[in-house]
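K.L.:
Pasting the sequence and the predicted model now:
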Amino acid sequence: MKKYKKILLMTGLLSLVFLLSACGTGEVSASSSGVWDRYVVYYFGQAIKGLSFGNVGIGIILFTIIIRIILMPLMHFQTKSMRKTQELQPKIKALQEKYSTRDQETQQKLQEETKKLYAENNVSPYAGCLPLLVQMPVMMALYQAILRIPELRSGHFLWLNLSQSDPYFILPILAAIFTFASSYLSSMSQLESNASLKIMNFAMPVMIFVMALNLASGLSLYWVISNAFQVVQTLLINNPFKIRREREEAARQIRERERALQKAKHPKKKKKK
């Protein structure tokens, strides 16, 4: 069950978008009451309008890029935390082998030792969920701003009515592709793959695609730009191809040192003439 906890958590968070997006259908304005409507949805709408330059779609794109730039330190923290967690996997496996008995006392000891190992290395196994937790309110506020602020609700961009789903399914397909590319590139830097990670790589794009088919295209536009930004950010900051080359080079150097050590321990005897 443990390997499916992250999947269930992300599924629940995405489902929360539907639940909270439905909590309010009236128009939002400067006279709206409630913290969420007046100080979150309203000001999101104002920010988008301020960045629109005559087109709401441009406002959503610029707003998304700004949000992603603001989130970059958090994403960088997530990346470093994930790499530290990956490096600890051999030690965690050793603990699992050491405490392999399924009785309650042994399993409790395993949990304690695992927590201790994380603490000693300043690693949080849940840090990877932080960016998602931050993005959820952004997505919900953006969705409600598009649907509940008249100027945004009537907005158009290219072939899109931003308050309705994409009639040609172009944005849902792009959102799914960039979501897959983002998650796949991140998984490439893993030391070893696992079943839950592989499931997430394919489940998340499918979920995004299905949701984008039914939600406002303004939100789909946000997903496309956001995940495209994430792909570029990953290639620049946490390039999995570079990480793989570095690991291969490090492994090669270790092998060379081991061979040199073996030669030093067992030098070849010179043949007598």
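P.N.:
Here it is on my side, so go on.
K.L.:
Which elements pack onto the helix ranked longest in the chain?
P.N.:
Ranked by residue count under DSSP state H, the longest helix found in the chain is helix 56-87. In this structure, helix 56-87 makes packing contacts with helix 42-52, helix 130-148, strand 156-157, helix 217-237, judged by 3 or more Cβ pairs under 8 Å, 6 or more residues apart in numbering; DSSP states H and E. For every residue, glycine as well, the C-beta is placed using N, CA and C.
K.L.:
Same list (these) but as a markdown table, adding mean pLDDT.
P.N.:
Shown next, in a markdown table, are those (pLDDT from 0 to 100):
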| stretch | mean pLDDT |
| --- | --- |
| helix 42-52 | 88 |
| helix 130-148 | 75 |
| strand 156-157 | 85 |
| helix 217-237 | 86 |
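K.L.:
nearest to A30, of those?
P.N.:
Closest to A30 of the helices and strands packed on helix 56-87, according to Cβ to Cβ: helix 42-52, at 6.6 Å.
K.L.:
List the buried residues of that closest one.
P.N.:
Y42, F44, G45, A47, I48, K49, L51, S52 (16 or more other Cβ atoms under 10 Å).
K.L.:
Closest to I177 out of those?
P.N.:
When these are compared against I177 (criterion: Cβ to Cβ), the nearest one is I48, at 24.6 Å.
K.L.:
Does the closest one touch A141 like I think?
P.N.:
No - counting by Cβ atoms under 8 Å, I48 stays clear of A141, with 10.2 Å between them.
K.L.:
buried ones in the longest helix of the chain?
P.N.:
Applying 16+ other Cβ under 10 Å to helix 56-87 flags 56-57, 59-64, 67-68, 71, 75, 78-79, 81-83, 85 as buried.
K.L.:
neighbouring contacts of stretch 107-117?
P.N.:
L88, K91, I92, L95, Q96, Y99, T101 (Cβ atoms under 8 Å, 6 or more residues apart in numbering).
K.L.:
what about the residue lying closest to K91 once chain neighbours are set aside, how many neighbours?
P.N.:
In space, and not counting its chain neighbours, K91 is closest to L117: 6.0 Å by Cβ to Cβ, 6 or more residues apart in numbering. Residue neighbour count, defined by other Cβ atoms under 10 Å, stands at 15 for L117.
K.L.:
From the chain's centroid, how far away is the strand or helix carrying L117?
P.N.:
Following DSSP states H and E, one finds L117 within helix 104-120. Remark: helix 104-120 is offset 27 Å from the chain centroid, using Cα atoms, centre = their mean, to the nearest Å.
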